[in-house]
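Enquirer: Below are the sequence and a predicted model; questions follow.
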Amino acid sequence: MRRNKITLILLLAITVSGLIATIPFAESYTGQKIAEYISSPLPTAPAAMLQGGDFPVSVKPLSGSLADGVASDWSGTITSIYGAYSVSLVNGSRLDDAWLLYFHVSEDVHVGLYNLTLTQGSVSAHQSRCVWVLETWPESITFSQITDIHEPIGELVFPAFIMQSNFINPDFVIATGDIVQTESNARSWAYLQYAMFNLEYPSYLLPGNHDYSGYGGKGYAMYGGKLNYTLVLGDFVIIAADSAENGYFKASQISWIESQLQKYPDKVKVLGFHHAFLSSEYEDDLGSTTGGYIDADWENIDDLADTMYFTWKDAEGNPLPVSKELLRIIQENDVRLILNGHVHRDMIYVVNNQHYFVTTSTTGGGLPPESRFGSRLITLDNDGTVHLDSYAEANLDNPPNNIPTGMVAYTYRSANDFTGTAVSASVENLLDMDIDEGRLIFKVSKSKPIGDYVFVGEQPVRFETATTDLGYVFDAYFNVEAKSSFEVTLKAASDTSRPELYVALVAPYQPETPTQVMLTARDLGWGIKELDVSYSINGGQTWLPVDAAIEPILNGDLYKDTFPEVDVIFEVPGLLNGESILVKAEASDYAGNAASFLSSDLTVPEVTTYTLSVESTPIDVDVMVNEVSQSTPYEAELTEGTITLSVPQKVSEGDDEYTFKEWSTGSTSLETSVELSSDTSISVTYEMIEPSEPDEPKESGGGIPLPASFMFIGVIVATLLMSLRKPRLS
């Protein structure tokens, strides 16, 4: 039994550690060498397997040398919001300077993306978002394509894409290179990795030429992931290839790609690499190249000279023969999708009505004229049919034709962390595109039965539930029309409490200086729905509105989508003499409760008061409060700060006398101090002085009292005299 308890505690600890990797950090995140120990799987190339399946792990020894250990030294655990599960070791072998281990995932593991913790002896290594568990292999796949994040340039754009795509909920995302601006820039990797912690589905990244800027690709390999790899998903195979910094493949690279394609002859094939094969720079054509349907044959590749990107035809080393080989293996192996980036513009070419060469604008990198940040949403059936999103379908040869980034946003309006019995959410879709089965994730408390939870407001088209050690997870799916919004609450309890409103200055007020004001709205029930804030500087004659919209905060250091408490910070211009600052606010929650607030003049230093109560026992006494005499029991509102109390040593009541004993704080001094920073009660105790024993009463004739020795002599004399008076006997 004790072993079972220890195991449960460890699993809970691992679950919490895994969840920490997916929540916003209070301080700036530091980039990690993700491939330092575990080189596969990675958060940038997760391992995909079915429930009840196996997955490989390549890991360096964590303790001792490779020769010192055995495979059975290793164990593993996968964790996510859906729980913690042990994965069993199937087998392992030594491979160069690392272990190649195979782990088995049980059939009862919930589908989803998991963190992996490996343990060798007493030492552990952690890898986030790297194990992808599916119920069955898909008959079609839907994925997002993004490219050219260029962190830290993409500090604001990449998190906005993550939020938008989290709701759209593709199967996975492929990022086709230029992930960072410079691989030697530590902030680039910190921004990238932190943002990816918030991505709720698998991500597959490959390098671009900027990812070779600094360490020749070694930095990318350590912080970003693999340079070349193959992903197999049932009937589909996706090959991620490295076009490096020169922008084309060497002959050896072509041979590797062809070997991977030939290894899976019956699968639907996708090839991704950074440098666009069919496209050009905006500076070269000033936007005249727009993509479209073309016919081409690898044997006549010269016919594509005006369409190919220059690195595939003109670069040093004359790669044109290699380009011809690339087009040959694409056509001979029926590669249906070729995904590219690099040129920072949208370009779709459909070759021979069969091969889709898709190039996408950036998710952070610089934009040419008439371009926008965006992504693709591509569906590929297991018969090879390609379905583009509605933006691409409607404007295939009329760029820009991506899905614009930052057009879908959501906020959770109450604590979405398994602690509450209600979570509300607000969703806005500004796209010119309907979203089918957009996903929200609700994490609620187990303090109520799962059957008590119901949706109020917008109803999901379907939802799935999972019970974990931390609480319940509801994956809810909603259909959302273009240019629309909705609100929804998942709740198991009613809410009758009104929102709470507070206001304070960010810094002390200075005359004729701009003043920052912060209003805080909080709701511990279903969450804040609407908030209106305004201020006045003329005593309330006119009121100026403040932007109090509840919107997500998305940047390189903070990804915040949950707001049980809302802070609205605004600036009031410097005031003239006689002007004041008044703030008023109104708030309502999702249960219909409302609250209003009107401040006093914020330019006047606020005096904070608290209640001080002083009692004495067993009698009332006079107490000096800051040198002012008061009588107990005493209670008053006093300004916060240090309060001095003193009492007399002795007091009397009637014939009884009392002496001071101690204060309730334990102090035995007649004078004591209280730091009044909240409502405070203090008492003083006295003890009764017991009267002394009285002397025995004495009889007195009123004369001078005789000493005892004299009295003793008198008794003897009296006795003798009496004896002399007795008659003699004859």
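Expert: Happy to help now that I have it.
Enquirer: Show me the domain layout of the protein.
Expert: For the chain, automatic domain parsing gives the domain ranges 1-136, 138-406, 408-491, 500-598, 609-689.
Enquirer: Tabulate the ones you listed (JSON lines), appending mean pLDDT and mean neighbour count.
Expert: C-beta: built from backbone N, CA, C; applies to glycine. Listed next are those as JSON lines, based on pLDDT from 0 to 100; neighbours: other CB atoms under 10 Å:
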{"stretch": "domain 1-136", "mean pLDDT": "84", "mean neighbour count": "17"}
{"stretch": "domain 138-406", "mean pLDDT": "95", "mean neighbour count": "20"}
{"stretch": "domain 408-491", "mean pLDDT": "97", "mean neighbour count": "18"}
{"stretch": "domain 500-598", "mean pLDDT": "95", "mean neighbour count": "17"}
{"stretch": "domain 609-689", "mean pLDDT": "94", "mean neighbour count": "14"}
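Enquirer: residue contacts, residue 114?
Expert: Neighbour list for residue 114: 18, 78-80, 85, 129-133 [criterion: CB atoms under 8 Å, 6 or more residues apart in numbering].
Enquirer: Now with 10 Å, please.
Expert: Residues near residue 114 by CB atoms under 10 Å, 6 or more residues apart in numbering: 18, 46-47, 77-85, 87, 105, 127-133.
Enquirer: what do you get for residue 134?
Expert: Contacts for residue 134 (CB under 10 Å, 6+ apart) come out as 48-51, 53, 111-112, 171, 233-234.
Enquirer: let's see 7 Å
Expert: Contacts here follow CB atoms under 7 Å, 6 or more residues apart in numbering; on that basis residue 134 touches 48, 50, 111.
Enquirer: Can you tell me which of those residues is nearest residue 373?
Expert: Relative to residue 373, the closest of the contacts of residue 134 is residue 48; by CB to CB it sits at 28.4 Å.
Enquirer: if I read this right, the closest one contacts residue 132, doesn't it?
Expert: Yes. Between residue 48 and residue 132 there is a contact under CB atoms under 7 Å: 4.5 Å.
Enquirer: Give the residues shared as contacts by these two.
Expert: In contact with both residue 48 and residue 132: no residue, using CB under 7 Å, 6+ apart.
Enquirer: which stretches of the chain form helices?
Expert: Secondary structure of the chain, counting by DSSP state H: helices at 2-20, 157-168, 186-197, 218-223, 251-263, 282-285, 320-332, 390-394, 708-724.
Enquirer: I figured residue 187 was touching residue 155, is that so?
Expert: No. Using CB under 7 Å as the test, residue 187 is too far from residue 155 to be in contact (8.9 Å).
Enquirer: got any residues that touch both of these two?
Expert: By CB under 7 Å, 6+ apart, no residue touches both residue 187 and residue 155.
Enquirer: What segments of the stretch 1-150 of the chain are strands?
Expert: Using DSSP state E, counting those that start in this stretch, the strands of the stretch 1-150 of the chain run over 38-40, 47-50, 54-59, 74-80, 83-95, 98-104, 112-120, 123-134, 140-146.
Enquirer: Residue 330 is nearest to which of the ones you listed?
Expert: Closest of the strands of the stretch 1-150 of the chain to residue 330 is strand 140-146, at 17.2 Å (criterion: CB to CB).
Enquirer: which strands and helices sit next to the closest one?
Expert: When contacts are defined as 3 or more CB pairs under 7 Å, 6 or more residues apart in numbering; DSSP states H and E, strand 140-146 sits against strand 172-176, strand 374-381.
Enquirer: The ones you listed: which one's closest to residue 251?
Expert: When the helices and strands packed on strand 140-146 are compared by CB to CB, strand 172-176 sits nearest residue 251, at 22.2 Å.
Enquirer: now that closest one, how far from the chain's geometric center?
Expert: For strand 172-176, the separation from the chain centroid amounts to 22 Å (computed by CA atoms, centre = their mean, to the nearest Å).
Enquirer: gap between residue 181 and residue 157?
Expert: Separation of residue 181 from residue 157 (CB to CB, to the nearest Å): 13 Å.
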